[in-house]
Each structure stands twice: as C-alpha cells, then as structure tokens.
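Asks: Turn this into a model:
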Amino acid sequence: MSLLKHFSSDPNAVINDFRMSVSHPQYERITLYVEGQSDIMLFRNIVNEDIIKLIPLEGKKNVIDVMKGLYSDYSDRVYAVCDADFDHIKGEAQTHLAYGVLVTDYHDIEIMMLFSSAFTKIINQKAINNNIDFSRVCIEFKSGATR
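Replies: All right, here's what the predicted structure looks like:
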C-alpha cells in the first residue's frame with residue numbers, strides 16, 4: 001500500500017494533517033473532501049482550486065469519519081461531498097449534513113457527471129488526441145438519441 005493511499009485511508013492522519021495545515025497563518029483555502037480520485041476529476045471542472053483544496057479519501061466511511069472529527073471546530077473551512085448510495089432511501093442524508101457532508105442527488109457522482117456540463121469537459125480532456133467529436137456523442141448519449 002502506498003503512503004498516500006495509507007494516509008487517505010486513515011481518518012486520524014487526515015484530521016491531524018488538516019489541523020496542522022490550518023494552524024499556519026497563511027492557510028486560507030477551504031478544504032473539500034471527496035471519496036476518491038474519480039471524484040477529483042469531476043470537481044476540478046467545477047471548483048476554483050485557488051480557493052478550494054480538493055482532497056480524495058478512500059471511501060465514504062473515511063470521509064464521514066474525517067468530517068465528524070473536524071466539522072464542529074472548522075465548519076467554515078471544511079466540507080465534503082459523498083455519493084448518495086442509498087442514504088436518501090435509508091434516511092441518512094440529513095444525518096451526514098450535520099457534519100458538513102453533502103450527499104449527491106444521485107446514487108453516485110459518476111451518474112451526476114452525466115447530467116452536468118463537466119461531463120463534456122472531462123471526456124474532451126481525456127480524449128484530446130482522438131478525432132471523435134465527443135461533444136456530439138455526449139449530447140446524443142444524454143438525450144437517448146441513436147444514430
């Protein structure tokens with residue numbers, strides 16, 4: 001297991017790192033925790049990284065544990081976004097919100113991407129060397145059109 005993966009899977013290490021970082025007088029950014037690397041791809045197209053520091057953790061449980069440890073003291077500096085999974089059905093979405101964890105409207109962020117303008121940006125970014133008009137493909141996919 002790499003050091004980064006170990007760090008992001010240990011909520012106590014993440015909490016301690018945040019507390020040390022935020023104590024520095026020049027630290028002014030807001031921190032946004034997400035479940036993993038794929039979520040970073042989406043949020044890089046949505047947030048201003050000069051203001052918001054994106055941190056991927058290893059899974060929803062770690063995000064919630066980190067927020068439980070930080071939100072009461074740093075509610076103006078730390079936020080998180082998690083996939084809904086089944087939280088809306090189980091009635092747990094509001095509980096997570098009490099710790100600053102925003103739950104998506106959809107089962108997972110990858111589905112949310114399909115309905116956002118960030119989807120086209122991500123596809124085009126990843127496929128820059130291809131000769132396919134991904135914007136057209138995305139529009140057809142989202143609308144359910146067929147060739």
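Asks: Strands along the chain, start to end?
Replies: With strands called from DSSP state E, the chain shows them at 30-34, 52-56, 78-82, 101-103.
Asks: how big is the angle separating the first one from strand 78-82?
Replies: Which is strand 30-34. In terms of direction (axes from the mean of the first three to the mean of the last three C-alpha atoms, to 10 degrees), strand 30-34 departs from strand 78-82 by 20 degrees.
Asks: So which residues make contact with strand 30-34?
Replies: Here strand 30-34 makes contact (C-beta atoms under 8 Å, 6 or more residues apart in numbering) with 14, 18, 40, 43, 47, 51-57, 63, 66-67, 77-82, 109. Every C-beta, even on glycine, is put in place using the N, C-alpha and C of the backbone.
Asks: Type out the PyMOL command that picks the buried ones from these.
Replies: One line in PyMOL is enough to select the buried ones among the contacts of strand 30-34; burial here means 16 or more other C-beta atoms under 10 Å:
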select buried, resi 14+18+43+53+54+55+56+57+63+66+67+77+78+79+80+81+82+109
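Asks: Start and end of stretch 29-45, how far apart?
Replies: Counting by C-alpha to C-alpha, to the nearest Å, you get 17 Å between the two ends of stretch 29-45.
Asks: Please apply the same query to stretch 33-50.
Replies: Stretch 33-50 has an end-to-end distance of 15 Å (criterion: C-alpha to C-alpha).
Asks: tell me the mean pLDDT for that stretch?
Replies: Averaged across stretch 33-50, pLDDT comes to 86.
Asks: what does stretch 78-98 give?
Replies: Taken as a whole, stretch 78-98 carries a mean pLDDT of 83.
Asks: Contacts for it next, please.
Replies: 18, 30-35, 39, 43, 60, 63-64, 66-67, 70-71, 99-109.
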